[in-house]
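K.L.:
fold the stuff below for me.
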Amino acid sequence: MIHSDFFKMKVPSHPVMYLDTETTGLDVSTDQVLEVGWLWETWQGRIGDLKSGRVLVRWDRITGHPRALSMNAALIAEIAGGNGVAPGFVAGVLSGEWSRAGIGDRLNRSLTMGGKNPGFDKAMLKTLPGFGGQGQEVVFGDYKLISRSFEPTSWAYQFGWRGDKPASLVDLCGLLEIPVVNLHSGLGDCLMLAKCTRKMVGLNYE
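P.N.:
Reported below is the predicted structural model:
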């Protein structure tokens, strides 16, 4: 049963950029980014109408942890089929997508980043050419993902939920009775995060 406090949280006062990286493992020093998925949450309209996208990363040779490689087999096959851009072009492609979508100007190009593990995603982005920054900041092109992050599993616990803290996105979906679809997909995880958060604050999550 879902605790009633889940539905007493307020809509954040600013848009959030949900961003998720799919990688070949959890070692920032050696593993590779395979996909960057994003969704721009304005807290208005239907989730399906929000601006979103994904960038696949094509490597000459993909290496990483066997379990991560297995979980991302479909994604790796998609990349092997000729989809994606070289690592050095990811920052430019992402920056171009956001510029065309008009994202960033509303926050002076300083974007609050949301995700299931924003700190890890920021660290992985900084392994790609064209991304920089110090600490938790990520800077590329005209954009800056600021150190303040929005993590729905922690946010639920901090601002209303008084049961056990959801340990993962799958746990949060289970508590909120939201179907888990397209797991281990950058854009798919962003969509599930958006659905969970909208349900927590009483907005349309379809």
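K.L.:
which residues touch Leu193?
P.N.:
Shown in contact with Leu193 (Cβ atoms under 8 Å, 6 or more residues apart in numbering): 18, 20, 39, 114-116, 152, 169. No exception for glycine: its C-beta is placed from N, CA and C like everyone else's.
K.L.:
now do the helix or strand containing it, average pLDDT.
P.N.:
Assessed by DSSP states H and E, Leu193 sits inside helix 186-200. Averaging pLDDT along helix 186-200 yields 90.
K.L.:
that helix: how far from the chain's middle?
P.N.:
9 Å (Cα atoms, centre = their mean, to the nearest Å).
K.L.:
what does stretch 198-206 give?
P.N.:
Relative to its chain's centre, stretch 198-206 lies at 18 Å (Cα atoms, centre = their mean).
K.L.:
from here on, call the first residue 852.
P.N.:
Renumbered: residue one is now 852, and that last one reads stretch 1049-1057.
K.L.:
in it, what counts as buried?
P.N.:
By 16 or more other Cβ atoms under 10 Å, the buried positions in stretch 1049-1057 come out as 1049-1052, 1054, 1056.
K.L.:
need these in TSV (columns: distance to Asp882).
P.N.:
Output for the buried residues of stretch 1049-1057, formatted as TSV (distance: Cβ to Cβ, whole Å):
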residue	distance to Asp882
Arg1049	31
Lys1050	32
Met1051	31
Val1052	34
Leu1054	35
Tyr1056	32
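K.L.:
and the gap between the residue nearest to Gly992 when sequence neighbours are not counted and Val989?
P.N.:
Leaving out its chain neighbours, the residue that sits closest to Gly992 by Cβ to Cβ, 6 or more residues apart in numbering is Ser946, at 3.4 Å. Using Cβ to Cβ, to the nearest Å, we find Ser946 at a distance of 12 Å from Val989.
K.L.:
those two: which has the busier surroundings?
P.N.:
Ranked by neighbour count (other Cβ atoms under 10 Å), Ser946 and Val989 place Val989 first, with 26 against 17.
K.L.:
separation between the closest residue to the more buried one other than its chain neighbours and Val867?
P.N.:
Nearest residue to Val989, sequence neighbours excluded (Cβ to Cβ, 6+ apart): Leu996, at 4.2 Å. Separation of Leu996 from Val867 (Cβ to Cβ): 11 Å.
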